[in-house]
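Undergrad: dropping the sequence and predicted coords here.
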Amino acid sequence: MKLDRFSQKHMPGPGGRDGTAKRLRALRERLDMSQPIFSASYGLPLATLRNWEAGHGEPPASLITFIGAIETAPEAMRRIIAGESL
């Protein structure tokens, strides 16, 4: 099965949990957000975000795609979650 570019970019790659944890933390830090602000902005439970960043468990594939969408368009995704117009 051949994946489109978006799917290839946002699928979990080698590194498993550690790779996703690093990617998620790097995204949050790039956005200059604390864990509580990031979780509230994107509708993620704070405890779950903390667990994922610590490498305990891993988001399901659908949420990994959601994280990819945040990486691509963080402000648009925040506004969608908040119910604001684009």
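TA: All right, it came through fine.
Undergrad: for the protein, what spans make up the helices?
TA: With helices called from DSSP state H, the chain shows them at 5-10, 16-30, 35-42, 46-53, 61-72, 74-82.
Undergrad: got the angle for the second one vs helix 35-42?
TA: In this case it means helix 16-30. Counting by axes from the mean of the first three to the mean of the last three CA atoms, to 10 degrees, helix 16-30 points 90 degrees away from the direction of helix 35-42.
Undergrad: so helix 16-30 versus helix 61-72, what angle?
TA: Using the same axes, to 10 degrees: helix 16-30 against helix 61-72 is 30 degrees.
Undergrad: report the separation between the most centrally placed residue in the chain and residue 85.
TA: Nearest to the mean C-alpha position of the chain, by CA atoms, centre = their mean, lies residue 67 at 2.6 Å. As for residue 67, its distance to residue 85 is 23 Å (criterion: CB to CB, to the nearest Å). Placement of C-beta: from N, CA and C, glycine included.
Undergrad: for stretch 42-62, C-alpha coordinates in PDB please.
TA: Extracted in PDB, the C-alpha atoms of stretch 42-62 (Å, rounded to 0.1, in the frame of the first residue of the first chain):
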ATOM      1  CA  TYR A  42      -6.000  21.000  21.900                       C
ATOM      2  CA  GLY A  43      -8.500  19.100  24.000                       C
ATOM      3  CA  LEU A  44      -6.100  16.500  25.400                       C
ATOM      4  CA  PRO A  45      -6.400  15.400  29.000                       C
ATOM      5  CA  LEU A  46      -3.400  16.800  30.900                       C
ATOM      6  CA  ALA A  47      -2.500  13.400  32.600                       C
ATOM      7  CA  THR A  48      -2.600  11.700  29.200                       C
ATOM      8  CA  LEU A  49      -0.300  14.300  27.700                       C
ATOM      9  CA  ARG A  50       2.100  14.000  30.600                       C
ATOM     10  CA  ASN A  51       2.100  10.200  30.300                       C
ATOM     11  CA  TRP A  52       2.800  10.300  26.500                       C
ATOM     12  CA  GLU A  53       5.600  12.800  26.900                       C
ATOM     13  CA  ALA A  54       7.100  10.500  29.600                       C
ATOM     14  CA  GLY A  55       7.000   7.600  27.200                       C
ATOM     15  CA  HIS A  56       4.200   5.800  29.100                       C
ATOM     16  CA  GLY A  57       1.900   4.500  26.400                       C
ATOM     17  CA  GLU A  58       1.500   6.000  23.000                       C
ATOM     18  CA  PRO A  59      -1.400   7.800  21.300                       C
ATOM     19  CA  PRO A  60      -3.500   5.800  18.900                       C
ATOM     20  CA  ALA A  61      -2.900   6.300  15.200                       C
ATOM     21  CA  SER A  62      -5.800   8.700  14.900                       C
END
